[in-house]
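Engineer: Sequence and predicted structure below; questions after.
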Amino acid sequence: MKPMRVRFAPSPTGVPHIGNTRTALFDWLLAKKSGGQFIVRIEDTDRKRYDKKSLDKILEILEFLGLDWDEGPKVDGPHQPYFQTQRLKKYQKIAAQLVEKGAAYYCFCSQERLDKLRKKQKEAGKIPRYDRHCFSLSKKEIEEKKKQGNYVIRLKMPDDRVYQWHDLIQGEIKINSKELDDQILLKSDGYPTYHLAVVVDDYEMNITHIIRGVEWISSTPKHMAIYEAMKWKMPAIMHLPLILGSDKSKLSKRHGAKSILDYKKEGYLKEALINFMVYLGWSYKDNSQLLSLEELVKIFNYENIQKQNCIFDQKKLDWFNGQYIRMKSDEELIKLLKPFTPRDDKKLMARIVPLIKERITTLSEFSQLAGFFFARPKVDLALFEKLDYRHYLKSAAGVLQSIESWKEGTITGALMHLIDKNHWKVGDFFMTIRIAVADSRYTPPINDSIAILGKKETLARIKMLF
Ligand code: GLU
């Protein structure tokens, strides 16, 4: 396998959602696997949609997941700058060359004219596209109009030409140029559009493989036209399958398509997120193997990326997360839980963590399950439902009071004796204790929990209720 130079080229228009980050992961894996480079390039030329906070979030996501980049923001590299707005001259130069070669032309049409044209075409049931009004202007006319400023440069797409290429994931693809508009390459403010900038940069940065979402397929012929006109070799290309929500519609926020940072906040581990994302399109065995980044670097390949759409299955992500939580040592888990604990108390955590490790799916569930260790909850009496809780609690308090060695074993022994003697239902009795100390019907093993809470605190909580 030859070293691959691949790039992740996010547009800083918001916080990228998980689908976008999957592209970065696949890029990174292929770069590492082939002994090549992973390049991060910021495609920030769309100033209308530019979001100042976006860049930091994009980089924070990559850093959190451990997807380090060889070239790009912060680290720079031989092709710097890696921000397209700092490369404007390069695009302007190439746009001018394309005009000289007859592959692009100046367009002076006003927005008003374009709007009218669009409207007319739509009314006539046609696909709106530019009518090449400015294509046949004479050199003189062009020079005159250029003096007045305000022009764009458009790509001249061939009239009837089938663009065909081999996509490493999608296979043979054919698109007729008839379906494509004369794309604006350079805007009137001198900024390039995505189509020009992406081609210039992929070429200049020696990218060998373009990996991007399937939604970019229809742009590829436009890019091919530029490569051809410039006589540049086009990188190999692969379009990743679309990610669908469980209802088979395009994945959106409604399906849980959040950003990696949202998942982090909810207590998903990076290992689980990586493992989950890798199966969004790629297959290995039964698609549920737990695979670390290191293992993935060894086995990942683009041949096993499918072209069919894939489904975002939140349950699978939860399952991975639970698995990875259980694989952590108690010490590691205590560290990871730090942002989710009410108070930094290592001693207390060392006792709680073994009890909850098997019971949480996300780190944020910790406070729900174990918050009662940190503060006395206000018990919702409705939780007791039909339980004769006063009776149970009074007797329990008497027995607990007499325990001298406050340990799980002695507590269990004493309480079981009490239950047997009274012929109570074990479940009812312990449910009562659970609610009394934790204000919840679902807790870690209750006798272990009250052993941790301590005699004084346990009795105080129980006595408050009768
Ligand atoms: N800037 C584009 C995006 O935000 C990159 C598309 C590509 O990889 O060519 O998705």
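Structural biologist: Arrived safely.
Engineer: mind listing the helices for the stretch 51-200 of the chain?
Structural biologist: 54-65, 88-100, 111-123, 139-147, 194-204 (DSSP state H, counting those that start in this stretch).
Engineer: so which of those helices is the most packed in?
Structural biologist: helix 194-204 (a mean of 22; mean count of other CB atoms under 10 Å). Yep, even glycine has a C-beta here, placed from its N, CA and C like the rest.
Engineer: out of the helices of the stretch 51-200 of the chain, nearest to residue 370?
Structural biologist: helix 54-65 (24.6 Å; CB to CB).
Engineer: and the helices of the stretch 51-200 of the chain as CSV, adding mean pLDDT and distance to residue 324?
Structural biologist: Listed next are the helices of the stretch 51-200 of the chain as CSV, based on pLDDT from 0 to 100; distance: least, CB to CB, whole Å:
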stretch, mean pLDDT, distance to residue 324
helix 54-65, 98, 13
helix 88-100, 98, 44
helix 111-123, 96, 51
helix 139-147, 95, 60
helix 194-204, 98, 35
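Engineer: With distance to the ligand as extra columns, can I get the ones you listed in a markdown table?
Structural biologist: Listed next are the helices of the stretch 51-200 of the chain as a markdown table, based on distance: least, CB to the nearest ligand atom, whole Å:
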| stretch | distance to the ligand |
| --- | --- |
| helix 54-65 | 10 |
| helix 88-100 | 14 |
| helix 111-123 | 24 |
| helix 139-147 | 29 |
| helix 194-204 | 5 |
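Engineer: and of the ones you listed, who's closest to residue 360?
Structural biologist: Here helix 54-65 is closest among the helices of the stretch 51-200 of the chain (CB to CB), at 19.9 Å.
Engineer: Other residues contacting the closest one?
Structural biologist: Contact with helix 54-65 is made by 8, 10, 12-16, 21, 24-25, 40, 42, 44, 68-69, 73-74, 259-261, 264, 270, 273-274, as judged by CB atoms under 8 Å, 6 or more residues apart in numbering.
Engineer: from those, which are also near the ligand?
Structural biologist: residue 10 (CB under 6 Å from any ligand atom).
Engineer: Quick one: buried ones out of the contacts of helix 54-65?
Structural biologist: 8, 10, 12, 14-16, 21, 24-25, 40, 42, 44, 69, 73, 259-261, 264, 270, 273-274 (16 or more other CB atoms under 10 Å).
Engineer: In the stretch 101-250 of the chain, what residue lies closest to the ligand?
Structural biologist: The ligand sits closest to residue 212 of the stretch 101-250 of the chain, with a gap of 3.5 Å, by CB to the nearest ligand atom.
Engineer: After the helix or strand containing that residue, which helix or strand is next?
Structural biologist: Assigned by DSSP states H and E, residue 212 belongs to strand 209-213. Where DSSP H and E defines the elements, the next helix or strand beyond strand 209-213 is helix 220-230.
Engineer: ok, and what's touching the helix or strand just after that following helix?
Structural biologist: As assigned by DSSP H and E, the chain's next helix or strand after helix 220-230 is strand 236-240. Strand 236-240 is contacted from outside by 22-23, 26, 165, 167-170, 208-214, 216-217, 220, 281, 302, 305, using CB under 8 Å, 6+ apart.
Engineer: Try it again at 10 Å.
Structural biologist: With contacts defined as CB atoms under 10 Å, 6 or more residues apart in numbering, strand 236-240 is touched by 4, 6, 19, 22-23, 26, 30, 165-170, 173, 202, 207-217, 220, 223-224, 280-282, 302, 305-307, 310.
Engineer: which among those residues end up buried?
Structural biologist: Judged by 16+ other CB under 10 Å, buried ones among these: 4, 6, 19, 22-23, 26, 30, 165, 167-170, 173, 202, 207-212, 214, 217, 220, 223-224, 280-282, 302, 305, 310.
Engineer: quick one: which of the helices of the stretch 51-200 of the chain is nearest residue 34?
Structural biologist: With CB to CB as the criterion, residue 34 lies closest to helix 194-204 of these, at 17.0 Å.
Engineer: Now do that closest one: distance to the chain's middle.
Structural biologist: Distance of helix 194-204 from its chain centroid, counting by CA atoms, centre = their mean, to the nearest Å, is 25 Å.
Engineer: Output that helix as PDB - backbone C-alpha positions only.
Structural biologist: Listed next in PDB are the C-alpha coordinates belonging to helix 194-204 (Å, rounded to 0.1, in the frame of the first residue of the first chain):
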ATOM      1  CA  TYR A 194     -15.600  25.600  -2.700                       C
ATOM      2  CA  HIS A 195     -15.300  24.100  -6.200                       C
ATOM      3  CA  LEU A 196     -12.300  26.100  -7.200                       C
ATOM      4  CA  ALA A 197     -10.500  26.200  -3.800                       C
ATOM      5  CA  VAL A 198     -10.900  22.500  -3.200                       C
ATOM      6  CA  VAL A 199      -9.300  21.600  -6.500                       C
ATOM      7  CA  VAL A 200      -6.400  24.100  -6.200                       C
ATOM      8  CA  ASP A 201      -5.600  22.900  -2.700                       C
ATOM      9  CA  ASP A 202      -6.000  19.200  -3.300                       C
ATOM     10  CA  TYR A 203      -3.600  19.600  -6.200                       C
ATOM     11  CA  GLU A 204      -1.100  21.900  -4.400                       C
END
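Engineer: Contact residues of this protein facing the ligand?
Structural biologist: The chain comes close to the ligand at residues 9-11, 43, 194, 198, 212, 216, as judged by CB under 6 Å from any ligand atom.
Engineer: okay, among these, which ones form the most distant pair?
Structural biologist: The widest separation within the residues of the chain next to the ligand, taken as CB to CB, falls between 10 and 216 and amounts to 13.1 Å.
Engineer: ok so, going back, in helices, which of the buried ones among the contacts of helix 54-65 fall?
Structural biologist: 21, 24-25, 260-261, 264, 270, 273-274 (DSSP state H).
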